[in-house]
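Enquirer: Got a sequence here, can you build the structure:
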Amino acid sequence: MRRTTARIDPHRRAALAAALALSPLGAHRAQAQAVAAPNAAESSRAPLPRPGDAITLVDTPLLDGSSFRARDADGRVLVLYWWASTCPFCALQSPEMEKLWRKERARGLAFLGLSIDRDPDDARAYLQKRGYTWPSAFVTPELARALPKPFGLPITVVRGRDGRVLQAERGQLFPEDVEQMARWLV
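Expert: Take a look at the predicted model:
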C-alpha cells in the first residue's frame, strides 16, 4: 500500500499568513520574503520531492561535533528539516519539531536538521539558545550536492523506512501538522 501525503489546507495557510501579518513577527515579513524569494541559485534548486521518491543519505558532521551516519537511518522513519536561524517561519515551526523529536525518538524516529545559515556558529548559537536537541548539520556545498534543498523555507520531508519519501512540505507547518508526522512510525 502506497502512502501519500495530505497537503495542508490552503485556508489554514491563509489564516496563518493573516495572523502573522498582525503579529509582532509581521515586522519580519521583509526578512522572511528575502529568505523565501527566489534568486538565481535558489531557482535552480531541486523540486520538492514527491511521495515515493528515493532519498539517498550521506554521512555528515553535526553542529554539536558528533556525526550523522546514513546507515543509522536505515529501516527508520527520518525527518529532514531545512531551516535557518533568520527565518521567522522556522522560528515558529522549530519548537514543534523539538516536541516531535523528544516525544518520538524513543519510538525510533530519526531526525536531521539542515541549517542553511551563512555561518555555522550562528546555527549553533540558535540551537543552544533555544534548547533544541534535534541533530542538525550545517549545509556545506558538499552536503547541498548530496541533499539538494528545494525552494523555500522551512522544508520538511519525511523519509520512510524504505528510503522513500512519505511526506514533503514547503513552508511553515501548524503544530498539529508536525504532530501528525508521528503517524508514519506506525
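
Enquirer: got the buried residues for the helix or strand containing residue 95?
Expert: Assigned by DSSP states H and E, residue 95 belongs to helix 88-104. Neighbour counts over helix 88-104 (16 or more other Cβ atoms under 10 Å) mark 88-94, 96-98, 100-101, 104 as buried. C-beta coordinates here come from the backbone N, C-alpha and C atoms, glycine included.

Enquirer: Ok, stretch 124-137 next?
Expert: 124, 126-127, 132, 134-137.

Enquirer: chain center to that stretch: distance?
Expert: Distance of stretch 124-137 from the chain centroid (Cα atoms, centre = their mean, to the nearest Å) equals 13 Å.

Enquirer: With pLDDT and distance to residue 80 as added columns, please give the buried residues of helix 88-104 in CSV.
Expert: Below are the buried residues of helix 88-104 laid out as CSV (pLDDT from 0 to 100; distance: Cβ to Cβ, whole Å):
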residue, pLDDT, distance to residue 80
88, 97, 21
89, 98, 17
90, 98, 14
91, 97, 19
92, 98, 19
93, 98, 13
94, 98, 14
96, 98, 15
97, 98, 11
98, 98, 15
100, 98, 13
101, 98, 13
104, 98, 15
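
Enquirer: And the spatially most central residue of the chain, which helix or strand is it part of?
Expert: Centroid check for the chain by Cα atoms, centre = their mean gives residue 81 as the closest residue, at 1.7 Å. Element membership for residue 81 (DSSP H and E) is strand 78-83.

Enquirer: Show me what that strand packs onto, helices and strands only.
Expert: helix 88-104, strand 110-115, strand 155-159 (3 or more Cβ pairs under 8 Å, 6 or more residues apart in numbering; DSSP states H and E).

Enquirer: right, and the helix or strand after the last one?
Expert: Along the chain past strand 155-159, the next helix or strand (assigned with DSSP H and E) turns out to be strand 165-170.

Enquirer: Any buried residues in the helix or strand that that following strand is followed by, and which?
Expert: Sequence order places helix 175-179 as the next helix or strand after strand 165-170, per DSSP H and E. Across helix 175-179, burial judged by 16+ other Cβ under 10 Å covers 177-178.

Enquirer: i'd like the first residue to be 645 from this point on
Expert: Okay, using 645 as the starting number, the last item reads as helix 819-823.

Enquirer: that older thread, and the two most separated of the buried residues of stretch 768-781?
Expert: Across the buried residues of stretch 768-781, the longest distance by Cβ to Cβ is 14.5 Å; it joins 770 and 779.
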